[in-house]
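>>> Model the structure of this input:
(2 chains)
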Amino acid sequence: MKAKSGASNLLGSITVLLVLIFGWELLSRIVTAKGSYGEPLVPGWGYLLGNSLLRMSDYWDGGFGIPAPSQGGPATYPAALLALGAASLVTFERVFFGIAFGTLSGVGLGFLVATSDASRRLIAPTVHIVRMTPFLAMIPLFNLWFGADTSGIILFVAYGVAVIMFIGTVNAVRNVPRVYFDRAATVGASRAAIFRHVILPAIFPEIRASFLLSFGLSWSLVVAGELLGAQSGLGVIVTYALQFAYTGRVMIVAFLFIIYAGLSFALFDAVSRRIIDWHPQVDKRPQG
Amino acid sequence: MNTQEAILSVNDVGVRFVRTDGTPAEALRRVSFKVFPGEFVCILGRSGHGKTTLLNVVAGLLSVHRGEVRVMDRPVTGPGADRGVIFQQDAVFPWMRVEENVAFGLRVRSVSKQERLRIAREHLALVNLTPVARAWPRELSGGMRARVAIAAVFANDPPILLADEPFGSLDYVTRRQLQTVLHDLWRQTGKTVLFVTHDVDEAMMLGTRIIVVNNGNIAEDLAINLPIPRSDDVIATPEGLALKHLLLHQIGLE
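Residues are numbered from 1 along each chain as shown, chains lettered A, B, ... in the order given. This is a model prediction of the structure:
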């Protein structure tokens, strides 16, 4: 019964996907408008995987024996894929360190604040303001202070992640039922033991949810950061493509971001799910 | 009269709360009593009359504004492993397997893993939970989780055991079964028990002594000389019914 409904679900999802793919192709044939530099605004699949993907080799700087078109070489798929790979690595690095710094500082600060009622009251208004501040409004400041390239973008991603993880941690600790602390104290647990055996496991499901949230956000933040003034990375390809209305190239990078965000999300979800096996609300089925 | 030394003494204890609107409320007024080793003392009273407050003070989870609590002649300044607590709410850690829950007290006191798991399994056997030793608490019923709580507190081997309406949320049959489990363990181990309840029948079924708390004061302190183990028949005797009548009157039923 269950297996059958799972199979029909999969069939349904694939059907929807196919409809979208064919629908897009149909649309590309109906809408033939072109951008200012002659590229179609609704490129069909043939154009996307042909011209647009091939032209990604424009962003290849040469190396591995594959000449760069900017140095007179031909536009080739290997050069295009290498260009995308190199730009992706630069973006990965920013996302990775942004998440790492942001999580460490957000969770750390969260613990500091959550363990004392006084400090929680003290910073509550500030947290509220920070939470309400649109992340993207802060990009210019990060550009000015830390530069528009890697370090500035990492710090910007870290800032966004830290805000979410901080709020998540404070709330998670506050939501631990009092009786768990009381029980630990009455069997003779020290503060360190309570932290390790009660607080950490009790807050993990909530921290995990915050982390998944900040994971998705960090991809948005890194794109936003790269769109404004970075010299390398996937966002830079988009910036150039945008200037010449190369819709196809913008779409290819957008697809890459969807794939990366989806894969990283699924990976963390699968790994961390094992740790909260105990949780009453754990849904054993994979998501999506 | 008991000539032994008291294991627990509550001396002139008063507890005051400040409500959120700023008015003070006295949860306990001037409460004094002594408990002797091996007693099963039931604290009987209605909701909101100070029973749980009294238990929390003895547990060291709540501070007093007057008087003091002494355990084995040392003043209570906070919670400690000499007073195990079975809580009103479900306090079994959902992130630990059943046997790890039972072994938790031993773990934080650095008992070796092998030894604490041996003790945990031994106590799980005493409450008939051996088959679910490796289960997660979410896989257990409320009654089974209450058994885990009992096993956990006995595994930690405290001389004094405090219970705060531990079976209040369970169905009647399960409650009766768990009363028997707890009573049997008490008789086998000889621990001193302070058991809070609002249920007159429960107090009469379990207690060797019943202290009635009414409006923050001790209204009655009675030794119960009914034979142990008790059955419903004992409570149904003229003597038992007279006692029940007295207790109901003391907790406020006209």
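>>> other SSEs contacting the helix or strand where A:G216 lies?
Using DSSP states H and E, A:G216 maps to helix A:200-227. Helix A:200-227 sits against helix A:77-114, helix A:139-146, helix A:150-174, helix A:234-243, helix A:247-273, with contacts defined as 3 or more C-beta pairs under 8 Å, 6 or more residues apart in numbering or on different chains; DSSP states H and E. Where C-beta positions appear, they are placed from N, C-alpha and C, glycine not excepted.
>>> let's see it at 6 Å
helix A:77-114, helix A:150-174, helix A:234-243, helix A:247-273 (3 or more C-beta pairs under 6 Å, 6 or more residues apart in numbering or on different chains; DSSP states H and E).
>>> how about whichever residue of the stretch 151-254 of chain B sits closest to chain A, what does it touch?
Closest contact between the stretch 151-254 of chain B and chain A, by C-beta to the nearest C-beta, is at B:N156 (5.3 Å). By C-beta atoms under 6 Å, 6 or more residues apart in numbering or on different chains, the contact set of B:N156 is A:187, B:84, B:105.
>>> Now it: closest residue in space that isn't a chain neighbour?
B:G105 (3.3 Å; C-beta to C-beta, 6 or more residues apart in numbering or on different chains).
>>> now swap in B:N128 and tell me
Nearest residue to B:N128 in three dimensions, chain neighbours excluded: B:R147, at 7.1 Å (C-beta to C-beta, 6+ apart).
>>> Surely that neighbour is in a helix?
Yes. B:R147 forms part of a helix when assessed by DSSP: H, G, I helix; E, B strand; the rest coil.
>>> That one contacts B:L126, doesn't it?
No. Contact status for B:R147 versus B:L126: not in contact, 9.3 Å apart, counting by C-beta atoms under 6 Å.
>>> Who has more neighbours out of these two?
Comparing B:R147 with B:L126 by other C-beta atoms under 10 Å in any protein chain shown, the one with more neighbours is B:R147, at 27 against 19.
>>> Pick out the least confidently modelled helix or strand of chain A, by mean pLDDT.
One helix or strand of chain A scores below all others by mean pLDDT, DSSP states H and E: helix A:117-132, with a mean of 79.
>>> Go through that one and flag the buried ones.
A:123, A:127 (16 or more other C-beta atoms under 10 Å in any protein chain shown).
>>> do stretch B:92-111 as well
B:92-108, B:111.
>>> For B:V234, give me phi and psi.
phi -60, psi -40 (degrees, to the nearest 10).
>>> neighbours around it, how many?
15.
>>> And for A:L256?
Around A:L256 there are 16 other residues, counting by other C-beta under 10 Å.
>>> do the same with B:A152
The number of residues packed near B:A152 is 30, by other C-beta under 10 Å.
>>> Could you do B:S47 as well?
Considering only other C-beta under 10 Å, B:S47 is surrounded by 8 other residues.
>>> Quick check: the gap between the closest residue in space to it that isn't next to it in sequence and B:H249.
Spatial nearest neighbour of B:S47, excluding adjacent residues (C-beta to C-beta, 6+ apart): B:H198 at 6.1 Å. Distance, B:H198 to B:H249, using C-beta to C-beta, to the nearest Å: 15 Å.
>>> Settle it for me: which of these two has more neighbours?
B:H198 (17 against 13).
>>> Low-confidence regions, the chain specifically.
Reading this off chain A. A:1-6, A:281-288 (pLDDT under 70).
>>> The chain in question should be chain B.
Applying pLDDT under 70 to chain B flags residues B:1-3, B:254.
>>> Return the distance of the longest helix seen in it from the chain's centre.
Counting residues, the longest helix found in chain B (DSSP state H) is helix B:172-189. Once both centres are worked out by C-alpha atoms, centre = their mean, to the nearest Å, helix B:172-189 turns out to sit 12 Å from its chain's centre.
>>> B:A219: what secondary structure?
Classified using three-state DSSP, B:A219 is strand.
>>> Quick check: it touching B:V212?
Yes. Between B:A219 and B:V212 there is a contact under C-beta under 6 Å: 4.5 Å.
>>> So which residues on chain B come close to chain A?
B:59, B:61, B:79, B:81, B:85, B:87, B:89, B:91, B:94-95, B:105, B:108-109, B:136, B:138, B:156 (C-beta under 6 Å from any C-beta of the partner chain).
>>> Just the closest of the contacts of B:N156 to A:A114, please.
Of all the contacts of B:N156, A:V187 has the smallest distance to A:A114: 22.7 Å, by C-beta to C-beta.
>>> Name the nearest residue to the closest one, ignoring sequence neighbours.
A:V187's closest residue in space is B:G105 (C-beta to C-beta, 6+ apart), at 3.4 Å.
>>> ok so that neighbour is a strand residue?
No. B:G105 is assigned helix when assessed by three-state DSSP, not a strand.
>>> just to revisit the earlier point, next one: the residue nearest to B:S47 from B:L226, what distance?
20 Å.
>>> Which positions in chain A make contact with chain B?
Residues of chain A lying near chain B (C-beta under 6 Å from any C-beta): A:179, A:182-183, A:185-189, A:193, A:201, A:278, A:280.
>>> Would you map the strands across the stretch 51-200 of chain B?
B:66-71, B:74-75, B:83-86, B:160-164, B:192-197 (DSSP state E, counting those that start in this stretch).
>>> would a markdown table of these with mean neighbour count and distance to A:S214 be doable?
A markdown table is the format used below for those (neighbours: other C-beta atoms under 10 Å in any protein chain shown; distance: least, C-beta to C-beta, whole Å):
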| stretch | mean neighbour count | distance to A:S214 |
| --- | --- | --- |
| strand B:66-71 | 17 | 47 |
| strand B:74-75 | 10 | 48 |
| strand B:83-86 | 27 | 38 |
| strand B:160-164 | 23 | 40 |
| strand B:192-197 | 25 | 45 |
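>>> okay, the ones you listed in TSV with distance to A:W45 next?
Shown next, in TSV, are the strands of the stretch 51-200 of chain B (distance: least, C-beta to C-beta, whole Å):
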stretch	distance to A:W45
strand B:66-71	79
strand B:74-75	81
strand B:83-86	67
strand B:160-164	68
strand B:192-197	73
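>>> how about the ones you listed, which one is nearest A:T150?
strand B:83-86 (54.3 Å).
>>> Can you tell me the strand partners of the closest one and which way each runs?
strand B:160-164 (parallel) (DSSP bridges).
>>> What are the buried residues along stretch B:24-34?
B:26-29, B:31, B:33.
>>> Report the distance from that stretch to the chain centre.
That offset, for stretch B:24-34, works out to 18 Å (C-alpha atoms, centre = their mean).
>>> can you check stretch A:44-63 too?
Worked out by C-alpha atoms, centre = their mean, stretch A:44-63 lies 24 Å from the chain centre.
>>> Run a quick neighbour tally on residue 204.
Went with chain A since none was named. 18.
>>> I was thinking of chain B, sorry if that wasn't clear
B:M204 has 21 nearby residues by other C-beta under 10 Å.
>>> tell me which element it falls in.
Going by DSSP H and E, B:M204 is in helix B:200-206.
>>> Next: B:L222.
strand B:217-223.
>>> ok, now B:L28?
Counting by DSSP H and E, the element that carries B:L28 is strand B:24-35.
>>> The helix or strand following that strand relative to strand B:160-164, how many degrees between them?
Note on strand B:24-35: by DSSP H and E, the next helix or strand toward the C-terminus is strand B:40-44. On the basis of axes from the mean of the first three to the mean of the last three C-alpha atoms, to 10 degrees, strand B:40-44 is oriented at 30 degrees to strand B:160-164.
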